[in-house]
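Predicted coordinates and the sequence they were generated for:
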Amino acid sequence: MQNEKLYAGITAMPTITDELLTRADVARICKCSVLTVIRLEQAGKLEVLRLGAGSVRIRRSSLEKFLNESITKGKA
């Protein structure tokens with residue numbers, strides 16, 4: 001129960017194996033610019049973890065979810 005309070009508001013519980021990626025990592029994987037990654041964050045399409053002092057990380061599972069949804073929408 002205590003973990004539920006710690007992660008309140010986060011849609012997916014992080015796991016030990018869920019890799020944390022930087023904006024640059026995500027940009028490299030998606031073959032886009034870091035600015036595009038920031039725009040996706042601002043649009044609410046990528047869930048981010050704010051670590052303080054401007055540091056941001058994106059869970060690999062969040063990126064995969066975004067990519068899968070994008071592919072699904074593109075087929076419709």
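Received it, and whenever you're ready, just let me know what you need. Numbers count the residues shown, from 1 in each chain.

ok, and the closest non-adjacent residue to Ile29?
Setting aside the residues directly before and after it, Ile29 is nearest to Leu63 in space (CB to CB, 6 or more residues apart in numbering), at 6.9 Å. C-beta coordinates here come from the backbone N, C-alpha and C atoms, glycine included.

To which secondary structure element is that neighbour assigned?
helix 60-75 (DSSP states H and E).

do Arg50 as well
In this assignment (DSSP H and E), Arg50 forms part of strand 48-52.

Pull out the buried residues from that strand.
By neighbour count on 16 or more other CB atoms under 10 Å, the buried set for strand 48-52 is Val48.

packing partners for it?
Strand 48-52 sits against strand 55-59, with contacts defined as 3 or more CB pairs under 8 Å, 6 or more residues apart in numbering; DSSP states H and E.

Can you list the neighbours in contact with the strand it packs on?
When contacts are defined by CB atoms under 8 Å, 6 or more residues apart in numbering, strand 55-59 is touched by residues 12, 14, 18-23, 25-26, 37, 41, 46-51.

before we move on, back to that, hmm, who's touching the helix holding Leu63?
The contact list for helix 60-75 (CB under 8 Å, 6+ apart) reads 12, 15, 18-21, 26, 29-30, 40, 45-48.

From those residues, which land in helices?
Using DSSP state H, the members of these that fall in helices are 26, 29-30, 40.

Filter the residues you listed down to just the buried residues.
Neighbour counting by 16+ other CB under 10 Å classes 26, 40 among the ones in helices among the contacts of helix 60-75 as buried.

Between all of the ones in helices among the contacts of helix 60-75, which two are separated the most?
Greatest spatial distance in the ones in helices among the contacts of helix 60-75: Ile29 and Leu40, 12.3 Å, computed using CB to CB.

Any idea how many residues pack against the residue nearest to Ile29?
The tally of other residues near Leu63 (other CB atoms under 10 Å) stands at 20.

Lovely, talk soon.
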